[in-house]
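Peer 1: what follows is a predicted protein model with its sequence.
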2 protein chains.
Amino acid sequence: MSTALKADTPLYLGIDGGGSKCRAVIVSSDQQILGEGLSGPANPLRGMKVATDSILTATQQALTVAGLAFNDMSRLIAGAGLAGVNLPQYYRLFSAWQHPFKTLHLTSDLHIACMGAHQGLDGAVIIVGTGSCGLAEVNGQLIEVGGHGFPYGDNGSGAWFGMQLLHKVLLSLDQLAPPTQMTTLLLQELAASNSIEVVSHFMQATPTTYAKYAPLVFTAAEAGDATAIQLVRQGAEFISAIADRLLSIAPPRLSFIGGLAHKLLPYLPEHIQQQVTPALQPPELGAVWFARQRSQLPSSVMSL
Amino acid sequence: MSTALKADTPLYLGIDGGGSKCRAVIVSSDQQILGEGLSGPANPLRGMKVATDSILTATQQALTVAGLAFNDMSRLIAGAGLAGVNLPQYYRLFSAWQHPFKTLHLTSDLHIACMGAHQGLDGAVIIVGTGSCGLAEVNGQLIEVGGHGFPYGDNGSGAWFGMQLLHKVLLSLDQLAPPTQMTTLLLQELAASNSIEVVSHFMQATPTTYAKYAPLVFTAAEAGDATAIQLVRQGAEFISAIADRLLSIAPPRLSFIGGLAHKLLPYLPEHIQQQVTPALQPPELGAVWFARQRSQLPSSVMSL
């Protein structure tokens, strides 16, 4: 048995719990990844039972991969970044959970993404995926912006781009706006020939449905379509506003993550692009940094 | 017994079936309103049973008020304008309905609103309520624009204004956009003090939820708030584009209806405002005009 697995050494559990999946990672006190696990949604908006089951399933998998026993669950110093726990009612629900870990430290999925991106050090992160949001942490000061939900928030996100695409295509089909290449692209993609057929694909649309079509905006913009270029600029402005707000507290690093990040980056102003640094670790390892920080271990153990 | 109620004279039924209520009116062949009825939602999107029950309940009420018997249902030449029947699947469902009327002529709620506004004659109508859409009918040519659904369509509508209000308020609270009086107004209205409390009111929001807050945009705009003025202009541009498209086929009349119409009208360009004429009759009487037209009575009976 390795040193890490001895019963008297601390073991950390990092949980990244999102709306579609939950990742768990078990890390030793000397930074070794011992095991990982993956399960379904861990967002309390889907119900506490679903969320806690996903967390336990992913943890159980990670324990098995690590060669640890079910009983070792009670040794884990857990950090969990969960979508939705920024809302007081879900924070309360999770705080009251009779979890099987040694301790459980809760924060948002955005916060652990930032801690992972900068290996537990100060920095800022902007997520541009299905939704959009940003967070910066500098000397204990935390700013969090965006990510309020769709359709009124999450500007410049995949869902936002998809909705704007549909909006412009319908205006164009109604002859209320000039033609755009996005119409051809969307009609092809949906095998549709008119507004009614297009709309029928979006009658029960979720943010994920819209986000699926976001890349078409970039395809049309890259082909020179004026309406698409205007949309990309508008989305880039929203994301730039988030970046400038985060940069106002001078984070030493700024990372962009999420499926649309690489597509939007070239459209951001020079002064933002220059500050972008790659994310160093995934959110679940950020959750481990968070657990370490909150369990107040000596700083010698916390630094890399 | 009046002439109108004699068993051998035609009787017309007009149905205005919307997402929240259904109105029925029975009219004699000599244009007399004999009875009216009101019931719940008649939108097939809520299910055919709900829709047909609402239609029959409202019709039964109208028959009772008219002093007619249940059996007279089979004498009614019905015209129905129903939200949703512009979608092929719902048109098919309704066409297959084993209705108890003599005949049933189906069209959209927008079409009967137009026929009512112009007493069965050519014209155009723009609805700016929870949603937004427009229709013009000139010499048998019919143009229909907008009304594709929320949030990608229905621009310039109550739902659109409410969503934009929330969008601007959240940007402002995140310090991503300048302060706006709309923030104060919305926080007061919701008795909220931050973004999270604001958003909690909109987590299950329907278009109706958003539309409820649309008037706050106009309050702020009238008080000189720059962000609100910009929103009102943007909404007015969407509605102006609809008006210009409809005016392109030269309808002899143009009416605006819906809860937000009178608020938006002053912001429309002069050339549109000058063409606006009041709606002469409500949609359910438009449905009667539609039934008369489709049942191909001699034109002498159809004209006023």
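Peer 2: It's in.
Peer 1: A:V232 touches A:F218, doesn't it?
Peer 2: Yes: assessed by CB atoms under 8 Å, A:V232 is found in contact with A:F218 at 6.6 Å. C-beta coordinates here come from the backbone N, C-alpha and C atoms, glycine included.
Peer 1: and A:F256, its phi and psi?
Peer 2: According to degrees, to the nearest 10, the main-chain angles of A:F256 amount to phi -110, psi 130.
Peer 1: before we move on, back to that, have a look at A:V232 and A:F218 and say which one is more surrounded.
Peer 2: A:V232 (23 against 19; other CB atoms under 10 Å in any protein chain shown).
Peer 1: make sure that one is indeed in a helix.
Peer 2: Yes: counting by DSSP: H, G, I helix; E, B strand; the rest coil, one finds A:V232 located in a helix.
Peer 1: spell out the residue ranges of the strands in chain A.
Peer 2: Along chain A, counting by DSSP state E, strands occupy A:11-17, A:22-28, A:33-39, A:76-82, A:103-107, A:123-128, A:132-138, A:141-146, A:254-257.
Peer 1: adding mean neighbour count, write those strands out as TSV.
Peer 2: Shown next, in TSV, are these (neighbours: other CB atoms under 10 Å in any protein chain shown):
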stretch	mean neighbour count
strand A:11-17	29
strand A:22-28	26
strand A:33-39	19
strand A:76-82	27
strand A:103-107	19
strand A:123-128	28
strand A:132-138	24
strand A:141-146	18
strand A:254-257	22
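Peer 1: quick one: closest of these to chain B.
Peer 2: Nearest of the strands of chain A to chain B, taken as CB to the nearest CB: strand A:141-146 at 4.2 Å.
Peer 1: quick one: the closest one to strand A:123-128, angle?
Peer 2: Strand A:141-146 and strand A:123-128 are oriented at 10 degrees to each other (axes from the mean of the first three to the mean of the last three CA atoms, to 10 degrees).
Peer 1: is strand A:141-146 anywhere near chain B?
Peer 2: Yes: applying CB under 8 Å from any CB of the partner chain, one finds strand A:141-146 touching chain B at A:145-146.
Peer 1: and for that strand, what's in contact with it?
Peer 2: A:86, A:108, A:110-111, A:131-136, A:153-155, A:242, A:245-246, A:249, B:174-176 (CB atoms under 8 Å, 6 or more residues apart in numbering or on different chains).
Peer 1: show the pLDDT at the closest residue to A:F218 other than its chain neighbours.
Peer 2: In this structure, A:F218 finds its nearest non-sequential neighbour in A:K263, 5.1 Å apart by CB to CB, 6 or more residues apart in numbering or on different chains. On the pLDDT scale, A:K263 is placed at 95.
Peer 1: looks like A:K263 contacts A:V217 (just checking).
Peer 2: No: using CB under 8 Å, A:K263 makes no contact with A:V217, being 9.0 Å away.
Peer 1: now do the same contact list for A:L187.
Peer 2: A:169, A:193, A:198.
Peer 1: go on, A:D174?
Peer 2: A:D174 makes contacts with A:195, B:145-146, B:245, as judged by CB under 8 Å, 6+ apart.
Peer 1: residues contacting the most far-flung residue of chain A relative to its centre?
Peer 2: When distances are taken from the C-alpha mean of chain A, A:Q175 lies farthest, 37.7 Å away, according to CA atoms, centre = their mean. Contacts for A:Q175 were tallied using CB under 8 Å, 6+ apart; they are B:145, B:245.
Peer 1: ok, the one 10 residues further on next?
Peer 2: For A:L185, the contacting residues are A:216, A:219-220, taking CB under 8 Å, 6+ apart as the criterion.
Peer 1: what do you get for A:Y90?
Peer 2: A:44-45, A:82, A:84.
Peer 1: what about 6 Å?
Peer 2: Contacts for A:Y90 (CB atoms under 6 Å, 6 or more residues apart in numbering or on different chains) come out as A:44, A:84.
Peer 1: get me the contact residues on chain A for chain B.
Peer 2: Counting by CB under 6 Å from any CB of the partner chain, chain A comes close to chain B at A:145, A:148-149, A:151-153, A:163, A:166-167, A:170, A:174-176, A:199, A:241, A:245.
Peer 1: residues in contact with A:L38?
Peer 2: With CB under 6 Å, 6+ apart, A:L38 has these contacts: A:23, A:58.
Peer 1: whoops, A:A62 was the one
Peer 2: A:24, A:26, A:35-37.
Peer 1: closest to A:Y91 out of the contacts of A:D174?
Peer 2: Closest to A:Y91 out of the contacts of A:D174 is B:G146 (41.6 Å), distances taken as CB to CB.
Peer 1: hey, what's that closest one bridged with?
Peer 2: Under DSSP bridges, the beta-bridge partners of B:G146 are B:C133.
Peer 1: how close does it sit to B:P266?
Peer 2: 21 Å (CB to CB, to the nearest Å).
Peer 1: try A:L110
Peer 2: Distance from A:L110 to B:P266, counting by CB to CB: 43 Å.
Peer 1: who has more neighbours out of those two?
Peer 2: A:L110 (24 against 10).
Peer 1: go ahead and confirm that one touches A:L135.
Peer 2: Yes: counting by CB atoms under 6 Å, A:L135 is a contact partner of A:L110 at 4.9 Å.
Peer 1: burial of A:F161, as a residue count?
Peer 2: Using other CB under 10 Å, A:F161 is surrounded by 29 other residues.
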